[in-house]
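[1] Here you go, sequence then predicted model.
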Amino acid sequence: MRPETFHSSCRSRSKAAWFAALVFVTVGPAHAQVTCKLLQSAELESTLKEWASGGKATAFSGVTDDSSGISFDICSSEIVRPGQGPLQISVVFAQNLHMKGEDAIRTRNAGLAREEQWKGTGAQFEEKTVGKAMCTHYGRPSVPAHAVCAIPRGKAYLEVEVIAPSLKEVASMDAVAALVQMANGRL
């Protein structure tokens, strides 16, 4: 499966379905090798404090999937917010891509930007570059919203995604870019 296809399909699923799909295709023990060490819970809470509403981040947990020849090392956490839905945070390190990481990110983002769902009332899709990070911010009424920033690394990329219950609750691209740049410095 191509990385842009994998992530595009994952973004449209609920978190439970996403993890079920990952666990199903994972070969070997379910654990993350790298990504769970790149960010700390306190860093998530402080960087996302504007959206965290005093919530606390859960411990990171992860999986590694290299069944397709492309390796996905994925780690996730949630910021559990009092009286609100959680912020879901994923750190993804995709390696052994069949193209440059920059091309994979651009291809995925271009495909996502063309989707009809962003043309409806109240829908939003934005892209921008923050430092080395290529970011998107998108959502529509009544579905979770996403802020995603990725940094290419040769034939790989490192990505941080924040999912919130709505567009008004999702983190800014600048905040997510700060997280991915922090993680990138530790990789």
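    Right, received. Where do you want to start?
[2] For the protein, just list every one of the helices.
    Assigned by DSSP state H, the chain shows helices spanning 3-11, 15-25, 41-47, 49-52, 101-113, 173-186.
[3] Which of those comes out lowest on mean pLDDT?
    The minimum mean pLDDT among the helices of the chain belongs to helix 15-25 (a mean of 37).
[4] Distance check, the residue most central in space within the chain against P82.
    Centroid-nearest residue in the chain: E161, 2.4 Å away (criterion: CA atoms, centre = their mean). Using CB to CB, to the nearest Å, E161 is found at 23 Å from P82. To be clear about C-beta, it is placed using only N, CA and C from the backbone, and glycine gets the same treatment.
[5] Could you pull up the residues touching L87?
    Applying CB atoms under 8 Å, 6 or more residues apart in numbering, we find L87 in contact with L48, W51, A52, G55, E78, I79, R81, V162, I163, A164, E169, A171.
[6] Count the residues that sit near the last one.
    Neighbouring residues of A171 were enumerated by other CB atoms under 10 Å; the total is 29.
[7] Same check on the third one?
    Other residues near A52 come to 20 when the count uses other CB under 10 Å.
[8] hang on, isn't it packed against R81?
    Yes - judged on CB atoms under 8 Å, A52 makes contact with R81 at a distance of 6.3 Å.
[9] before we move on, the earlier item: columns distance to P152 on top of the contacts of L87, output as JSON lines?
    What follows is these, written out as JSON lines (distance: CB to CB, whole Å):
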{"residue": "L48", "distance to P152": "23"}
{"residue": "W51", "distance to P152": "26"}
{"residue": "A52", "distance to P152": "28"}
{"residue": "G55", "distance to P152": "31"}
{"residue": "E78", "distance to P152": "27"}
{"residue": "I79", "distance to P152": "27"}
{"residue": "R81", "distance to P152": "32"}
{"residue": "V162", "distance to P152": "20"}
{"residue": "I163", "distance to P152": "22"}
{"residue": "A164", "distance to P152": "25"}
{"residue": "E169", "distance to P152": "28"}
{"residue": "A171", "distance to P152": "21"}
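[10] now, among those, which is nearest to H137?
    A171 (8.6 Å; CB to CB).
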